[in-house]
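# Return atomic coordinates for the entry below.
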Amino acid sequence: MTTIQRAFEAAMLDFKDKFKGHSFYDQIVQITSIEQSFDALLNTLEEIGNILPDFCELAEIFADNNRLQELLVLYFRDILQFYLISTKFFSMRRLRVVFEMFWPSHRDRIQVVVKHMASHCDLIRKEVRMEEIRRADELRNRELQHFVQTEENNIAQEYASHRAHISPKSYDGDLYRFSEAVCNGTGKWLFRDLSFQNWLAATYLGKTLLASSVIKHTQSLDGTHTVFAFLTYLDSRISALSILHSLIFQLASTSLSLKTMLRQSDLQHLGNDFKVAATLFRTLIQSAGVVRVIIDGLDEIEPTQRSKLIKELVRLSGECEECHILLTSRAESDISGDLDGKTIDIQVDKNNAGSIQVFINQTMGEWFKERDFVPDVQDQLQGWAAPLAFRAKVMVGFYSRLMHLQISKEETLLARYLAGWDVPHHP
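Below is the predicted model:
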């Protein structure tokens, strides 16, 4: 037991010295109003160190007392729980940014443990019956579980309330529809492209189906969050702000801690202020880890709105190293201007013919079966369709972290048909 005592005392002193001696403590005292909470934290460490010698002495005197030994186990487990909660909190990513948001809940969780530590001290001193020991342990576990569950439920309810108020657009249905339309083998050339692999590591034959393939691929990667949008001129309510709303709630939905950050943020003007939305999105990304943002159809929205969105995404890409952004659009001069020459271009018209040919072959094969064409007619149709894959003009380009896919304006009629929803729409 002497060895256990020394181990806990050493851990306690090391924790206190590092915490008190670090400049971070001074900064916390200067920028927060919860100094008393930290004093309580340090006082708990003091109490642990003071009471351990008494417990060790009791353990030696009552070495054959199983009830007392079990109480000591409960108390040591409380100590470990205390250190676990404290350590997890102070090792959080970017603690200085999110300290005010997360400290109150961790403080309350610590107080639950401290309360039970005091209860276990009383039980040891009174040497209560075994039933009371078990009852105390069950109560402790129930209270901790209830606290965590209640907190998670509150966060989920507030997130749902904010989502209902903002009512961001969901693109899951579009992703399903486009993914179902992708033929086997589509876009393999893109995933083999070295520049695209670098984008992932820093990690349809028309642009939309190709984008859906990328989304499905990034969603399968471990340790990364993927948010996306499929833009269309048919949605008259679309704007740079509404797109950010969708991305914000998609990202927050992936993590309880991100929901907590959303809950703790000032959302008063989120529904009508682009700067507020952009700041919140940037804050979430900075705390989320690796995030991939994929937006299809930039050219589908009004030039002023897409310019505002592009400029914000370019700034976001520069400020957040773990954020990787992919954009797709037809070639437009204003989009190229806003991107400011920061892209590496991959020309789909030089790589995508194979994928288009796969689509043509599969579609015509199904067509022949349905229509039961005679062989001569099938041969004529196949001959007519043979050069079409090589005439379809498509382009894709991207940044090292901010990717941009383009489709040339000189598309053939077949390329427009193959792109599905990419049929000409501008007057």
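# what residues are up against the nearest residue to residue 308 once chain neighbours are set aside?
Once flanking residues are discounted, residue 308 sits nearest to residue 240: 4.3 Å by CB to CB, 6 or more residues apart in numbering. Glycine gets a C-beta too; all of them are placed from N, C-alpha and C. Contacts for residue 240 (CB atoms under 8 Å, 6 or more residues apart in numbering) come out as 274, 301, 305-306, 308-309, 312.
# what's the closest of those to residue 223?
Distance to residue 223, by CB to CB, is smallest for residue 312 among these, at 25.3 Å.
# Any buried residues in the helix or strand containing the closest one, and which?
Per DSSP states H and E, residue 312 falls inside helix 303-319. For helix 303-319, the buried set under the neighbour-count rule, 16 or more other CB atoms under 10 Å, comprises 305-310, 312-314, 316-317.
# Would you mind putting the CA coordinates of it into PDB?
What follows is helix 303-319, C-alpha atoms only, in PDB (Å, rounded to 0.1, in the frame of the first residue of the first chain):
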ATOM      1  CA  PRO A 303     -22.700  35.800 -59.500                       C
ATOM      2  CA  THR A 304     -22.800  38.100 -56.500                       C
ATOM      3  CA  GLN A 305     -23.600  35.200 -54.200                       C
ATOM      4  CA  ARG A 306     -21.000  32.800 -55.600                       C
ATOM      5  CA  SER A 307     -18.400  35.500 -55.400                       C
ATOM      6  CA  LYS A 308     -19.100  36.100 -51.700                       C
ATOM      7  CA  LEU A 309     -19.000  32.300 -51.100                       C
ATOM      8  CA  ILE A 310     -15.800  31.700 -53.000                       C
ATOM      9  CA  LYS A 311     -13.900  34.600 -51.200                       C
ATOM     10  CA  GLU A 312     -14.900  33.200 -47.800                       C
ATOM     11  CA  LEU A 313     -13.900  29.600 -48.800                       C
ATOM     12  CA  VAL A 314     -10.600  30.800 -50.100                       C
ATOM     13  CA  ARG A 315     -10.000  32.700 -46.800                       C
ATOM     14  CA  LEU A 316     -11.100  29.600 -44.900                       C
ATOM     15  CA  SER A 317      -8.700  27.400 -46.800                       C
ATOM     16  CA  GLY A 318      -5.800  29.700 -46.000                       C
ATOM     17  CA  GLU A 319      -6.600  29.900 -42.300                       C
END
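# one step back: how close does the residue nearest to residue 308 get to residue 223?
Distance from residue 240 to residue 223, counting by CB to CB, to the nearest Å: 29 Å.
# Toward the C-terminus, what is the element adjacent to the helix or strand where residue 136 lies?
According to DSSP H and E, residue 136 maps onto helix 130-166. Going down the chain from helix 130-166, the next helix or strand is helix 172-181, by DSSP H and E.
# And that next one, what does it pack against?
The helices and strands touching helix 172-181, judged by 3 or more CB pairs under 8 Å, 6 or more residues apart in numbering; DSSP states H and E, are helix 207-219, strand 224-230.
# Any idea which of these gets closest to residue 330?
Of these, nearest to residue 330 by CB to CB is helix 207-219, at 7.8 Å.
# report the angle between the axes of that closest one and strand 224-230?
With axes from the mean of the first three to the mean of the last three CA atoms, to 10 degrees defining the directions, helix 207-219 sits at 160 degrees from strand 224-230.
# What residues sit buried inside helix 207-219?
207-215, 218.
# ditto for stretch 272-287
In stretch 272-287, counting by 16+ other CB under 10 Å, buried: 274, 276-278, 280-281, 283-287.
# and what of stretch 218-236?
Residues of stretch 218-236 classed as buried by neighbour count (16+ other CB under 10 Å): 218, 224-232.
# what pLDDT, on average, does the helix or strand hosting residue 369 get?
Element membership of residue 369 [criterion: DSSP H and E] is helix 353-371. In this model, helix 353-371 has a mean pLDDT of 73.
# So which other helices or strands are in contact with the very next helix or strand once past it?
Downstream of helix 353-371, the next assigned helix or strand under DSSP H and E is helix 375-385. If contacts are counted by 3+ CB pairs under 8 Å, 6+ apart, helix 375-385 sits against helix 353-371.
# now for the helix it packs on, which elements pack on it?
helix 188-192, helix 375-385, helix 388-391, helix 413-418.
# let's see it at 10 Å
helix 188-192, helix 207-219, helix 375-385, helix 388-391, helix 413-418 (3 or more CB pairs under 10 Å, 6 or more residues apart in numbering; DSSP states H and E).
# among those, which gets the worst mean confidence?
For the helices and strands packed on helix 353-371, mean pLDDT drops lowest on helix 413-418, to a mean of 37.
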